[in-house]
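> sequence first, then the predicted structure, then my questions.
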Amino acid sequence: MQVYALVGSSGTGKSYKAFMVASERGIEYIIDDGLLIGGTRVYAGKSAKREKTKLASVKRAIFNEEEHKEAVKTAIQQQKPEKIMLIGTSIKMVEEIRTALELPAFTEIIPIESVSTEKEIEIARRSRKEDGKHVIPVPALEIKKDFSGYFIDSLKIFSRKGKNPAIEEKTIIRPTFSYMGKYEVSKNVLVQMINICAAKMERIHKVLKVRIENKANGIHIYIDASVRLATRIDLIMGEFQKRIIEDIEYMTGINVLSVNITVRGVVK
């Protein structure tokens, strides 16, 4: 197994550049912020950006916790990568990760300055400092369950590599420890959002009742509603579910696990 490292200080855009660097060197797997990533899939690990403090985040990123470390080691053994790249803020950090995961010596250590321009690094630093934004090199669908309530958005980048153009999808998040405090969204706000969503749909007559069930990785929504007479109630409810999920996830960052609607009445 060949082991590479991409190294640069915090906020210099390492995760943003990870796919490009990996593609150029034929690297199949990446270790970033506690995650084992292969292509556009998370195979194992827990993201350091889930942690509530900077110290806890660092410990997670260097696999300080035994269960986390063993899970990723097992996944690496199962996947049997020919090449893997570790991402860290210093040579010391990537050495600690390599040692914890019992990987071979480094084939190459790549400074972020060798793959990014000064302008790109400055833009990345400004984004981290002013907005608290961090990029994870996998699609939002892969990690959203781990980041309920963190404001997640997806970033797709079209890149042309030789004769094979590719779309690289990355996820932008805001770690909790980038804030001085925390935010909460009350259930009343979510109910209001559901009612507003219903009001925009001509065939929804009224939302009669809403129940919201909180889980560790998101919410389940239960709705009783009445509808105006229509030939395909199932299609109307499907569209209603879709709009609720899109609105709540986009405006709050909360992961909607399910929307369950019971039609209690039909009016003309």
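Perfect, thanks for sending it.
> show me the protein divided up by domain.
Using automatic domain parsing, the domain ranges for the chain come out as 2-178, 187-267.
> mind telling me which of the ones you listed the model trusts least?
If these are sorted by mean pLDDT, domain 2-178 sits at the bottom with a mean of 83.
> what about Met237, how many residues close to it?
Met237 sits with 20 neighbouring residues when counted by other C-beta atoms under 10 Å. Placement of C-beta: from N, CA and C, glycine included.
> quick revisit: most tightly packed of the domains of the chain?
domain 2-178 (a mean of 17; mean count of other C-beta atoms under 10 Å).
> which element is Lys73 on?
Secondary-structure element containing Lys73, defined by DSSP states H and E: helix 66-79.
> what strands flank the helix or strand that comes right after that helix, and is each parallel or antiparallel?
Toward the C-terminus, helix 66-79 is succeeded by strand 83-88 as the next helix or strand (DSSP H and E). Sheet pairing here is set by DSSP bridges, and for strand 83-88 it gives strand 2-7 (parallel), strand 29-32 (parallel).
> save those strands as TSV, and put in distance to Asn195 too.
Written out in TSV, the entries for the strands paired with strand 83-88 read as follows (distance: least, C-beta to C-beta, whole Å):
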stretch	distance to Asn195
strand 2-7	47
strand 29-32	40
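> and Asp224, backbone torsions?
Listed backbone geometry of Asp224 is phi -100, psi 130, with angles given as degrees, to the nearest 10.
> partners of it in the sheet?
With DSSP bridges as the criterion, the beta-bridge partners of Asp224 are Lys209, Thr262.
> Ala44 now?
Judged by DSSP bridges, the bridge partners of Ala44 are Leu36.
> surely it meets Glu70?
No - under the criterion of C-beta atoms under 8 Å, Ala44 is not in contact with Glu70, lying 9.8 Å apart.
> strands along the stretch 1-150 of the chain, start to end?
In chain order, the stretch 1-150 of the chain shows strands spanning 2-7, 29-32, 35-38, 41-45, 83-88, 106-111, 134-136, with DSSP state E, counting those that start in this stretch as the criterion.
> and of those, who's closest to Ser57?
Taking C-beta to C-beta as the measure, the strands of the stretch 1-150 of the chain were each checked against Ser57, and strand 134-136 came out nearest at 10.1 Å.
> can you give me the strands in the stretch 151-268 of the chain?
Read by DSSP E, counting those that start in this stretch, the stretch 151-268 of the chain holds these strands, from start to end of the chain: 153-161, 164-173, 204-215, 218-228, 256-267.
> just send those strands back as JSON lines, with distance to Gly13 too.
Formatted as JSON lines, the strands of the stretch 151-268 of the chain follow (distance: least, C-beta to C-beta, whole Å):
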{"stretch": "strand 153-161", "distance to Gly13": "12"}
{"stretch": "strand 164-173", "distance to Gly13": "11"}
{"stretch": "strand 204-215", "distance to Gly13": "34"}
{"stretch": "strand 218-228", "distance to Gly13": "29"}
{"stretch": "strand 256-267", "distance to Gly13": "31"}
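> right, and these - which one's nearest Glu239?
Glu239 lies closest to strand 204-215 among those, at 9.4 Å (C-beta to C-beta).
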